[in-house]
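>>> what would the 3D arrangement of this be:
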Amino acid sequence: MAAAFRKAHKSVQRNHRERSQLNYRRKLGFLEKKKDYQIRAQNYHRKQNILKVLRQKALDKNPDEFYFRMTGTKLKDGVHFISQRREEVTEEQLKMMKTQDLKYIEMKRIIEAKKIEQLKSELHFLDANGKLPNKHIFFCKSKKEVKEFNVAKRLNTLPELVDRVYNRPTIESLQKEKIKGVTHPKALKELAQQRNHQYSLLKQHINREKQMFVAAQKIQTHKDLMDKTKKVKVKNGTMDSPAIYKFQFKRKR
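Numbering: from 1, shown residues only. Below is the predicted model of the structure:
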């Protein structure tokens, strides 16, 4: 009895694997496995159950049934269209809502502007990699001096710091202040990554502030259009600027 249970135990059972499609039979298409059949069968039975429920609902439906949603529903080419009722809002209420939206966007824009000024005060607008497009010209007295020219020696700094156009200390300052880790390649790489991150944040804040400024202009334009005055469109609106209208001059007493 114990031997029969031991043979039936999963730990000693043999794993039966389905073979893959043979190479010379791949032209016949995909060879369906049992797990593929199970997924296909589950999908088929789920759809059949849904159709069965819908068919039963159609049989149980009362043709004389009425509910108020029918008044706002239309049947067009066999498809139901539900007309959404617009909320009844007066012009003064709309103006107030536009004003609130405008104030909120202006508040967020001021926050973004403060963040931009803070980032600008921390950065010096140098290139992220520490290299500027401008050139440094050195003048030599003879051709021999040109051949033997050494940039690090001319700038009185270490060769590892030649490529830096910012905070390039001299050898005397390095010996005097005993700066540690300045010439280490890993430290320089980490500083460059931090600068890249700061500049990317600055760019994101500038783009966000610009988008908020355009949104505020568009809301102000819509608010001005609600006035009952004669206006003429001068320029169509774009993603970066609102539409421009020319209003008729009206003298106020």
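>>> show the pLDDT at Gly181.
If you check Gly181, the pLDDT there is 47.
>>> now swap in Val12 and tell me
68.
>>> what does Val89 give?
66.
>>> just say helix, strand or coil for Arg19.
coil (DSSP: H, G, I helix; E, B strand; the rest coil).
>>> any idea how far Asp36 is from it?
14 Å (CB to CB, to the nearest Å). Backbone N, C-alpha and C define where each C-beta goes, glycine included.
>>> so which of these two has more stuff around it?
Taking other CB atoms under 10 Å, Arg19 and Asp36 do not tie; Asp36 has more neighbours (12 against 7).
>>> secondary structure element holding the more buried one?
helix 34-60 (DSSP states H and E).
>>> which strands or helices does the helix or strand that that helix is followed by pack on?
Following helix 34-60 in sequence order, the next helix or strand is strand 73-76 (DSSP H and E). Here strand 73-76 touches strand 79-82, going by 3 or more CB pairs under 8 Å, 6 or more residues apart in numbering; DSSP states H and E.
>>> any idea of the mean pLDDT in the strand it packs on?
Rounded mean pLDDT across strand 79-82 is 83.
>>> what of stretch 32-39?
Model confidence over stretch 32-39, given as mean pLDDT, is 92.
>>> alpha carbons only: can I get it in PDB?
Presented in PDB, the C-alpha positions along stretch 32-39 are these (Å, rounded to 0.1, in the frame of the first residue of the first chain):
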ATOM      1  CA  GLU A  32      -1.700  24.500 -30.400                       C
ATOM      2  CA  LYS A  33      -0.800  23.300 -26.900                       C
ATOM      3  CA  LYS A  34      -3.100  22.400 -24.100                       C
ATOM      4  CA  LYS A  35      -2.700  25.700 -22.400                       C
ATOM      5  CA  ASP A  36      -3.500  27.500 -25.600                       C
ATOM      6  CA  TYR A  37      -6.600  25.400 -26.000                       C
ATOM      7  CA  GLN A  38      -7.700  26.200 -22.400                       C
ATOM      8  CA  ILE A  39      -7.400  29.900 -23.000                       C
END
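>>> ok now it, how far from the chain's centre?
Stretch 32-39 has its C-alpha centroid displaced from the chain centroid by 39 Å (CA atoms, centre = their mean, to the nearest Å).
>>> low-confidence ranges, this structure, go.
For the chain, the stretches with pLDDT under 70 are 1-3, 5-8, 10, 12, 85-89, 124-134, 163-167, 174-188, 228-229, 253.
>>> which elements pack onto the longest helix anywhere in it?
When the chain is parsed with DSSP state H, its longest helix is helix 185-225. Of the remaining helices and strands, those touching helix 185-225 by 3+ CB pairs under 8 Å, 6+ apart are helix 91-122, strand 244-247.
>>> so the residue positioned nearest the centre of the chain versus Glu117, what's the distance?
Central residue check for the chain by CA atoms, centre = their mean: the C-alpha nearest the mean position is that of Gln204, 10.3 Å away. Between Gln204 and Glu117 the computed distance is 15 Å (CB to CB).
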